[in-house]
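Asks: After the sequence you'll find the predicted model.
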Amino acid sequence: MPAPRTANTWDNERVQKYSDTLIYRKQRAIFPFMAVGLSMGGFYVTSAGPLISTLSRDLQVSPASLSWLGSAYGVAMVVAGLTAPLLLRNGPVWSLRLAPALILCGIPLLLWAPNAATAIVGTQLACLGGGLISAAVPATFTGQAGTKYLAWTTSVASGVSILTTVLFGATEKILPGYGRFAVLFSLIPVLFTLVSAWRLPALPLHQAFKPKPETLDTHTSLNTPPPPRPRPSRVLLGAQVLRIILVAAVEFAIYAWAVSRLVEVGATLSLASTLATIFAVGMTLGRALGAPIAAKPQAWLGFTVLSLVGTLLVGYVPQLWAVVAGLGLAGLGISCLYPIVSTDFSSLPGMRPQVVAVYVSGLSGVGALVSPLVLGALLDDFGLRGGFGVLAACFVALALLPRPAAKGPNST
């Protein structure tokens, strides 16, 4: 007579069934879902500027009272990084399920928003949704193959970021006074992710946030104790932490300073705002075209040198054409630095995916929040030329800091 089936028996069977269908371990299979999911983040990371402008007009408040919106995505990345050890214990599927729900809670508050506080809460909820995917991406795409998929995923988000400002402008043009309704365009990836994520294999809720049984990675017995994990040296770990911070610092600083530099060399404000998008275009093209070569050992130095050359053109050649060309080159160069530092970090000995997410998302969020302010303080003493000189020094440091010796398994 067979033994009675207990609740624990059912749990173990579901865990074993799940371990046989780990879509997130197949990077090519999970890539489309993560790319669409991160496009939600790409939308809301760029929407802060248009929202501050339109909401300050609609609510008849000063832009300063909505300044939190400029930091909302950075805060979301920090929060997502801190919650990653819980949310990502058994893969990114539950993050894909929760992110659309947060955005769907935020959108009605943004559209209704009778005051600044409501608008800030709605925007922060939407950014938290995008931040969950931002944290899940570096934890999902690891190893040598991960560099390519991470670059492609972020290229989709970069493309959506460029499109976001166009959508806000077009909405305001077609429906004057209703520019904030452009956030409804984000429902396209939100609804796709909401539906598709619930069709992906995942542990049930009561198991999803428990420590991952060893069988999920090794297919050994649930009762087999995990082997001791190796640890990276403190010097190598510290170097990777510094690389993540520096990459976030240079990217967000150039986004913050591009328009001012273009105006300084003679462009009108409206023309400078348009020409500054060449940096984002360079980022998008660089990630899309550079993804296949990003994992090669020489790629890091090549992208870093290209970034350095572009930054020097922007900061030290006082002709408009040179600044525009420099922004494009800097965008191409910086484009793949984030995917490379992220997968370099994941290849450190003993590094678990959720720990990667804590560091990469948390430190990038800190960089997004702090670096433009810290570097911007230099402008008072040294001006834009001095500020871009500091960025050039950051690229030199990135070229010299040690990297892990290998990227790990080339999983697909």
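Replies: Cool, got the structure.

Asks: from here on, contacts and neighbour counts on C-alpha atoms
Replies: OK.

Asks: Ranking helices and strands of the protein by mean pLDDT, which lands last?
Replies: Scoring the helices and strands of the chain by mean pLDDT, DSSP states H and E places helix 215-218 at the bottom, with a mean of 44.

Asks: What is the subsequent helix or strand relative to that helix?
Replies: Downstream of helix 215-218, the next assigned helix or strand under DSSP states H and E is helix 234-264.

Asks: Look up phi and psi at the residue nearest the centre of the chain.
Replies: The centroid of the chain falls nearest to S134 when counting by CA atoms, centre = their mean (4.3 Å). Reported as degrees, to the nearest 10, the phi and psi values for S134 are phi -60, psi -40.

Asks: How about it: what's its closest non-neighbour residue?
Replies: Leaving aside its chain neighbours, S134 sits nearest to L38 (6.3 Å; criterion: CA to CA, 6 or more residues apart in numbering).

Asks: and that neighbour, what element?
Replies: helix 27-46.

Asks: counting contacts, what elements does that helix pack onto?
Replies: With contacts taken as 3 or more CA pairs under 8 Å, 6 or more residues apart in numbering; DSSP states H and E, helix 27-46 sits against helix 116-140, helix 143-174, helix 187-197.

Asks: Which one of the ones you listed lies nearest to P50?
Replies: P50 sits nearest to helix 143-174 of all the helices and strands packed on helix 27-46, at 6.7 Å, using CA to CA.

Asks: now the angle from that closest one to helix 27-46?
Replies: Put simply, helix 143-174 runs at 40 degrees to helix 27-46, going by axes from the mean of the first three to the mean of the last three CA atoms, to 10 degrees.

Asks: And helix 143-174, what's buried?
Replies: 143-162, 164-165, 167-169, 171-172 (16 or more other CA atoms under 10 Å).

Asks: Over to stretch 386-399?
Replies: 386-392, 394-396, 398-399.

Asks: got a list of contacts for that stretch?
Replies: Identification of contacts with stretch 386-399 by CA atoms under 8 Å, 6 or more residues apart in numbering yields 243, 246, 250, 300-301, 304-305, 307-308, 311-312, 314-315, 375-376, 378-379.

Asks: Return the distance of stretch 307-316 from the chain's centre.
Replies: In terms of CA atoms, centre = their mean, to the nearest Å, the centre of stretch 307-316 is set 24 Å apart from its chain centre.

Asks: Quick one: mean pLDDT for that stretch?
Replies: Mean per-residue pLDDT for stretch 307-316: 96.

Asks: just stretch 374-385 next, same as before
Replies: Mean per-residue pLDDT for stretch 374-385: 73.

Asks: Stretch 190-202 now?
Replies: 93.

Asks: Run the chain-centre distance for that stretch.
Replies: Stretch 190-202 sits 20 Å away from the centroid of its parent chain (CA atoms, centre = their mean).

Asks: how big is the angle separating the helix holding L38 from helix 187-197?
Replies: 150 degrees.

Asks: Settle this for me: the residue nearest to the centre of the chain is touching M40, isn't it.
Replies: No: applying CA atoms under 8 Å as the test, S134 and M40 come out as separate, 9.5 Å apart.

Asks: on contacts alone, who are the packing partners of the helix or strand where F303 lies?
Replies: F303 is part of helix 299-316, with elements assigned from DSSP H and E. On a contact count with 3+ CA pairs under 8 Å, 6+ apart, helix 299-316 meets helix 320-334, helix 337-346, helix 379-400.

Asks: rerun that using 6 Å as the cut-off
Replies: helix 320-334, helix 379-400 (3 or more CA pairs under 6 Å, 6 or more residues apart in numbering; DSSP states H and E).

Asks: in it, what's buried?
Replies: Across helix 299-316, burial judged by 16+ other CA under 10 Å covers 299-301, 303-316.

Asks: what does it contact?
Replies: By CA atoms under 6 Å, 6 or more residues apart in numbering, the list of residues contacting helix 299-316 from outside reads 322-323, 326, 329-330, 333-334, 385, 388, 392, 395.

Asks: let's go with 7 Å and repeat that
Replies: Applying CA atoms under 7 Å, 6 or more residues apart in numbering, the contact partners of helix 299-316 are 293, 322-323, 326-327, 329-330, 333-334, 384-385, 388, 392, 395, 399.

Asks: Quick check on these: which are buried?
Replies: Buried among these (16+ other CA under 10 Å): 322-323, 326-327, 329-330, 333-334, 384-385, 388, 392, 395, 399.

Asks: any chance of those residues in CSV, with distance to L88 too?
Replies: Formatted as CSV, the buried ones among the contacts of helix 299-316 follow (distance: CA to CA, whole Å):
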residue, distance to L88
A322, 44
V323, 42
G326, 39
L327, 36
L329, 35
A330, 33
G333, 30
I334, 27
L384, 41
R385, 42
F388, 37
A392, 36
F395, 32
A399, 31
